[in-house]
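K.L.:
Below are the sequence and a predicted model for it; my questions follow.
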Amino acid sequence: MNLPNKLTIFRVILIVPFIILLLGGQAGWFGENTFVTDMIALAIFIIASLTDLIDGKIARKYNLITDFGKFMDPLADKLLVCSAMIALIEMNRIPSWVVIIIIAREFIISGFRLIASDNGVVIAASYWGKFKTTFQMVMICLMIANFPQLQILTNIIMWIALILTVVSLIDYLVKNKDVMKNTK
């Protein structure tokens, strides 16, 4: 269990207090002031997001890449982002159809990677996928913060994240179309 893998596990663990604070604040579990719980939840989300950046850099720099990390790191990212977006639906801060498109893309890519893996092909993350993830995380941060003055910016970022979600899906499928042709 190396440091990058510990950071990945830490990211998964952080989802629990993040969701409790975010939804518990809305439910009134911590009093009337949801601003405080939203800001603490936002801080936890940012810390969790940064562990994704840090664990990958450490793993690559010190050659600490493991099978566990290859499997768990993207799963931890999906759990964090999907948990946040589903909570934001409940808080009426993001339309459900946007989240459905984003989660559908994740299922499609995960299935595609599974098929590729069965055929001995590893599909690396693309720049489009990395841009998508960055914009999704910024979008989530803005939606958690929920500052009325930033609503137009939040909507623009949401649309960019949505477009990048679709573009990255198309990019993966086009670049790796031979994977489907060579299935067992």
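P.N.:
Now that the structure is in, tell me what you want to look at.

K.L.:
gap between the longest helix anywhere in the chain and the chain center?
P.N.:
Of all the segments of type helix in the chain, defined by DSSP state H, the longest one is helix 34-61. In terms of Cα atoms, centre = their mean, to the nearest Å, the centre of helix 34-61 is set 11 Å apart from its chain centre.

K.L.:
buried stuff in that helix?
P.N.:
34, 37-38, 40-42, 44-45, 48-49, 51-52, 55-56, 59 (16 or more other Cβ atoms under 10 Å). C-betas here are computed from N, CA, C, even on glycine.

K.L.:
which stretch of helix or strand covers the nearest residue to E90 once chain neighbours are set aside?
P.N.:
Closest residue to E90 apart from its sequence neighbours, by Cβ to Cβ, 6 or more residues apart in numbering: L23 at 6.5 Å. Under the criterion of DSSP states H and E, L23 resides in helix 3-27.

K.L.:
what do you get for M158?
P.N.:
helix 151-175.

K.L.:
Distance check, I65 against I46.
P.N.:
I65 sits at a distance of 25 Å from I46 (criterion: Cβ to Cβ, to the nearest Å).

K.L.:
And for A124?
P.N.:
A124 is 26 Å from I46, by Cβ to Cβ.

K.L.:
what's near enough to touch the residue most central in space within the chain?
P.N.:
Nearest residue to the geometric centre of the chain (Cα atoms, centre = their mean): V81, 3.3 Å. Shown in contact with V81 (Cβ atoms under 8 Å, 6 or more residues apart in numbering): I102, T133, Q136, M137, I140.
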